[in-house]
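> Here is a sequence together with a model predicted from it:
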Amino acid sequence: MTTTDNLRNNIINQLLTITNKDYLSALYKLLATTVADTNKVKLSEEQIVMLQLSDKDIKKGKLISHKQLDKDDLQWLKEL
């Protein structure tokens with residue numbers, strides 16, 4: 001389990017033991033006002049275009065395996 005999962009599970013376990021309604025209400029308000037989308041990343045126009053091009057490649061079947069990519073990279077490095 002990741003550290004994030006462990007933290008989440010520990011918090012949940014602790015919450016299950018709390019019986020004070022006011023305390024739980026305050027925690028609920030804190031969580032409700034916290035912006036859940038703080039992990040969103042703002043992409044540049046160039047990044048969006050690159051992702052759109054990648055989607056087109058995937059739809060057209062223009063794919064290579066990771067193993068083939070590694071081989072191609074090694075060949076490219078040898079040629080430098």
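Arrived safely, thanks for sending. Just so we're clear, the structure is a prediction, and the values are computed from it rather than from any experiment.
> In this structure, where is pLDDT below threshold?
Filtered on pLDDT under 70, the chain yields the residue ranges 1, 35-39.
> Centre of the chain to stretch 9-27, how far?
27 Å (CA atoms, centre = their mean, to the nearest Å).
> What helix or strand is residue 68 located in?
helix 66-79 (DSSP states H and E).
> so what does that helix touch, helix or strand wise?
Contacts defined by 3 or more CB pairs under 8 Å, 6 or more residues apart in numbering; DSSP states H and E place helix 66-79 against no helix or strand at all. (Each C-beta comes from the backbone N, C-alpha and C, glycine too.)
> got a list of contacts for it?
residue 64 (CB atoms under 8 Å, 6 or more residues apart in numbering).
> Please apply the same query to stretch 27-36.
Applying CB under 8 Å, 6+ apart, the set of residues contacting stretch 27-36 is 15, 18.
> Please spell out which residues along the helix holding residue 68 are buried.
Residues of helix 66-79 classed as buried: none (neighbour count, 16 or more other CB atoms under 10 Å).
> centre of the chain versus it, how much separation?
28 Å.
> export it as PDB, just CAs?
The C-alpha trace of helix 66-79 is given here as PDB (Å, rounded to 0.1, in the frame of the first residue of the first chain):
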ATOM      1  CA  HIS A  66       7.700  -0.400 -24.800                       C
ATOM      2  CA  LYS A  67      10.300  -3.100 -25.600                       C
ATOM      3  CA  GLN A  68      10.600  -1.900 -29.200                       C
ATOM      4  CA  LEU A  69      10.900   1.700 -27.900                       C
ATOM      5  CA  ASP A  70      13.800   0.600 -25.700                       C
ATOM      6  CA  LYS A  71      15.500  -1.000 -28.600                       C
ATOM      7  CA  ASP A  72      15.000   2.000 -30.800                       C
ATOM      8  CA  ASP A  73      16.400   4.300 -28.000                       C
ATOM      9  CA  LEU A  74      19.500   2.100 -27.600                       C
ATOM     10  CA  GLN A  75      20.100   2.100 -31.400                       C
ATOM     11  CA  TRP A  76      19.700   5.900 -31.400                       C
ATOM     12  CA  LEU A  77      22.200   6.300 -28.500                       C
ATOM     13  CA  LYS A  78      24.700   4.100 -30.300                       C
ATOM     14  CA  GLU A  79      24.500   6.400 -33.300                       C
END
